[in-house]
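A.B. asks: predicted structure and sequence below. I'll ask about it afterward.
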Amino acid sequence: MNTMSGYLQRSGSSRSNSVVSKPFSSMDPDINHSSTPLRLFVDAKKKVNNIYNEMATHVDESTSFIKGVPEDLGVVSTDVNTKIETFAAQVEGIREVLARDHMKVAFFGRTSNGKSTVVNAMLRDKVLPSGIGHTTDCFLSVEGSETDEAYLQIQDSSERMSIKSVGQLAHALHSERIANHQNTIVHIFWPKSRCHLLQNDVILLDSPGIDVEPNLDEWIDKHCMDADVFVLVSNAESTLMRTEKSFFHKVSERLSKPNIFILNNRWDASAGEEYSEAVKQQHMERDVKFLVEELKVITEQEAEDRVFFVSAKEALITRTPKAPSTPDSSGPLAEGYQARLFAFENFERQFEECISHTAVKTKFEQHAKKGMQIVSCVQGMLDEVHNTASTKRSSCIEKRKDQHDRLEYITQQLKVLSTECKDKIKETAELGETKVSAAMTDEIRKLSTLVDQFDKSFHSDPLVIKIYKEELQKHLESGLGRNLDQRCSGEVMKAVDVVQTEMTDNMSALLPDEVRSNIGGMQLRRRFDLSYRLDCQHLFSDFRENVDFQFSLGLTSLMNRFLGPKGTTAAMLGFANVIPRPMPPAGLPPAAATNQDELAVAVMTGLASLTSKTSVGLTLVIGIVWKAVGWRLLAVSGSLYGLVYVYERLTWTNRAKERAFKKQFVSYASEKLQLLVNFTSSNLSHQIQQELSGTYARLCMEIETTKDNLHKEIVALEDESQKLDSIMAKSKVLRNKAGWLDNELARFMEKYIKEE
């Protein structure tokens, strides 16, 4: 016990990691794993996996959201669509890597330095083949298994093999060893319940001796690039060899400052040696110099905590469980074995702290930073989408308000303009009606002039008169229409054009610019011709001319002159009606009375037929004059009367007949045309109203179309505004979740990485 106490005191004065405060009972397999430094990696891995699971969900939701935004809204650019897809693939790839991530320690050294024994001691069981000479002939990866059964798998094979065959497949001297052995890896799955290292995702990689394989670069590239800690197992009975240094120089060139531990194994051989402390100090100085000055991976103070003097064989013997009835064949342990066991446990503790912190940093730091970049980019995209949607929504609401106000304005203005237009249409129609009525009345007064302008051959033959009359009717209709057009059309059309222009200008102001610019192409205003259709052929169809000779001093002519044609006709009819009829004598039967009446009527009719009305009148006049002045004066008067009659009879030519015909026609036409004044003026008024109302209706139709378009646009803007509202709400939720993920990653970095 005095020797052990002295050794511990000397160790405490030489370097700090040799003093172990951990009790000896900690070497038992039942270790409190909750207090092991390896939990840092396990907790960090669990945390970062949970974060990335949330990130995957968030990126998927963001991708679905961005893909679901309608393109016509112009909220999401093509660049955003492309980037979000790449982020989804990146997150999924990192999740796969994180699921496989574990802490890996690689053991290297020369042949027969005890690498496999060190691994077995850490596993607390004889798992790997070990012995003197060249034993391990391939890479052996010891990984944790969730089952209680241990098994192994050869590289590129899924077949599970018995763990007992590892001594055959990996032993350099066995006949059934693996072909192409030294660069092949055998995966050994050992129950996690039997080793706390495996429980905490640690993989132990044993290797063949670095002095038996010249192609070390391939080893490094294939098996060392993902290692978190390297353990150089050297032989304490000799110093570091060139081969060992050369290998780790190559490792240091490939990896930036690798974590290297140096185990001076087989230190139990120094028990009882006189210069053991001097040798130990010499090894320490050379190992520290190799790590600090040659490899330049750590500082000198840190290097002193990376060099250990142990006996893996002793540690394995004390840790291997034995059945109570099994005899101990290992023999007594060498002097000072307790200190070497403490040193081995101290190495394990330092190794666990180093590998957990290193693995967290190397395995998760870049993933955490990449996650923060992805989350930041996604958050930026969502923020861009939110801001764009917000801007478009504000513009949409403002535009919808403007369109609604414009719709209200158009509706109100249309009511005002409609009243004004209707008043102007009515006023213009009345103006045209008055104008045409006055002009047509004046033209009727001048009808004789128009009839006199008709110059066609006239003859009293009924057929010629019929043709002459038809031509005269056409001439009259054409002349009246022409005169009315010259007197009325210009002024009326000017008034109509002014009203059309005012209506078009006033109402087109309510139309959009693009419609207003094309208003001329729509032919809303067009010139129309006023129609003065008199239809004289049908109007004068009942005209009956009288071209027979009539003496101007005859009784009928005189009555016509003084009473007019209608008065003369009425007088003649009245005279016939007042002829007295005698009453039948009393006592005669009704039949006899009737016969006498008929006889009297017949006598009177016969008498009237013997003389003309003119002769009767002349006889009465002659009788009166005869008694008054005598026969001489009466003879002179009769002669003069006869001369007048002869003169008129001789001058009754076709020309005179034509003048009489035209006079009769003018008198008749004037009377008939007077009946058409109101009709023609009303017809023209209707034409004006129809034309102006048509222009008004077409303008109203354009305005109604504009109102419909405005209403549809307002509905579309309302729908777009609701869609943008939904996009803003969804993007805000996703953006906030991205911020939460960023905070989670920042807390992860602060807790597990930055505190290093």
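C.D. replies: Received, thanks. Numbers count the residues shown, from 1 in each chain.

A.B. asks: quick one, longest helix in this protein?
C.D. replies: The longest helix of the chain (DSSP state H) is helix 654-748.

A.B. asks: for that one, the distance to its chain's centre please.
C.D. replies: Taking Cα atoms, centre = their mean, to the nearest Å, the mean C-alpha location of helix 654-748 is offset from the chain mean by 30 Å.

A.B. asks: what packs against it?
C.D. replies: helix 38-68, helix 366-445, helix 447-452, helix 462-484, helix 490-508, helix 536-539 (3 or more Cβ pairs under 8 Å, 6 or more residues apart in numbering; DSSP states H and E). Just so you know, the C-beta spots here come from the backbone N, C-alpha and C atoms, and that holds for glycine as well.

A.B. asks: helix or strand for Gln281, just tell me which one.
C.D. replies: Per DSSP states H and E, Gln281 falls inside helix 276-289.

A.B. asks: could you dump that helix to PDB, C-alpha only?
C.D. replies: Output of helix 276-289 as PDB, limited to C-alpha atoms (Å, rounded to 0.1, in the frame of the first residue of the first chain):
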ATOM      1  CA  SER A 276      10.600   3.400 -14.800                       C
ATOM      2  CA  GLU A 277       9.900   7.000 -13.900                       C
ATOM      3  CA  ALA A 278      12.700   8.300 -16.100                       C
ATOM      4  CA  VAL A 279      11.400   6.200 -19.000                       C
ATOM      5  CA  LYS A 280       7.900   7.500 -18.400                       C
ATOM      6  CA  GLN A 281       9.100  11.100 -18.400                       C
ATOM      7  CA  GLN A 282      11.000  10.500 -21.600                       C
ATOM      8  CA  HIS A 283       8.000   9.000 -23.300                       C
ATOM      9  CA  MET A 284       5.900  11.800 -22.100                       C
ATOM     10  CA  GLU A 285       8.200  14.500 -23.500                       C
ATOM     11  CA  ARG A 286       8.600  12.800 -26.800                       C
ATOM     12  CA  ASP A 287       4.800  12.200 -27.200                       C
ATOM     13  CA  VAL A 288       4.000  15.800 -26.200                       C
ATOM     14  CA  LYS A 289       6.600  17.100 -28.700                       C
END
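
A.B. asks: what packs against that helix?
C.D. replies: Against helix 276-289 (3+ Cβ pairs under 8 Å, 6+ apart) you get helix 2-14, strand 259-265, helix 300-303, strand 307-309.

A.B. asks: what's next to it, contact-wise?
C.D. replies: Identification of contacts with helix 276-289 by Cβ atoms under 8 Å, 6 or more residues apart in numbering yields 10, 14-15, 236, 239-240, 262, 264, 267, 270, 273, 300, 303-304, 306-307, 309.

A.B. asks: separate out the buried members of those.
C.D. replies: Arg15, Ala236, Leu240, Ile262, Asn264, Trp267, Ser270, Ala303, Glu304, Arg306, Val307, Phe309 (16 or more other Cβ atoms under 10 Å).

A.B. asks: so the second one sits right up against Ile262, yeah?
C.D. replies: When you say that, I think you mean Ala236. No - in terms of Cβ atoms under 8 Å, Ala236 does not count as a neighbour of Ile262; the distance is 10.4 Å.

A.B. asks: residues contacting Phe139?
C.D. replies: Contacts of Phe139 by Cβ under 8 Å, 6+ apart are Asn183, Thr184, Ile185, Val186, Leu205, Asp206, Ser207, Pro208, His223.

A.B. asks: so how many other residues sit close to the nearest residue to the second one once chain neighbours are set aside?
C.D. replies: Right, Thr184. Leaving aside its sequence neighbours, Thr184 sits nearest to Cys138 (Cβ to Cβ, 6 or more residues apart in numbering; 4.7 Å). The number of residues packed near Cys138 is 22, by other Cβ atoms under 10 Å.

A.B. asks: hmm, Cys138 is touching His187, no?
C.D. replies: No - using Cβ under 8 Å, Cys138 is not in contact with His187, being 11.1 Å away.

A.B. asks: before we move on, the earlier item: quick check: angle from the longest helix of the chain to helix 490-508?
C.D. replies: With axes from the mean of the first three to the mean of the last three Cα atoms, to 10 degrees applied, the angle from helix 654-748 to helix 490-508 works out at 10 degrees.

A.B. asks: burial measure for Lys126, as a count.
C.D. replies: Residues lying near Lys126 (other Cβ under 10 Å) number 14.

A.B. asks: my guess is Ile465 contacts Ala660. True?
C.D. replies: No - Ile465 lies out of contact with Ala660 (Cβ under 8 Å); the separation is 11.7 Å.

A.B. asks: who touches both of these two?
C.D. replies: Joint contacts of Ile465 and Ala660 (Cβ under 8 Å, 6+ apart) are Val547.
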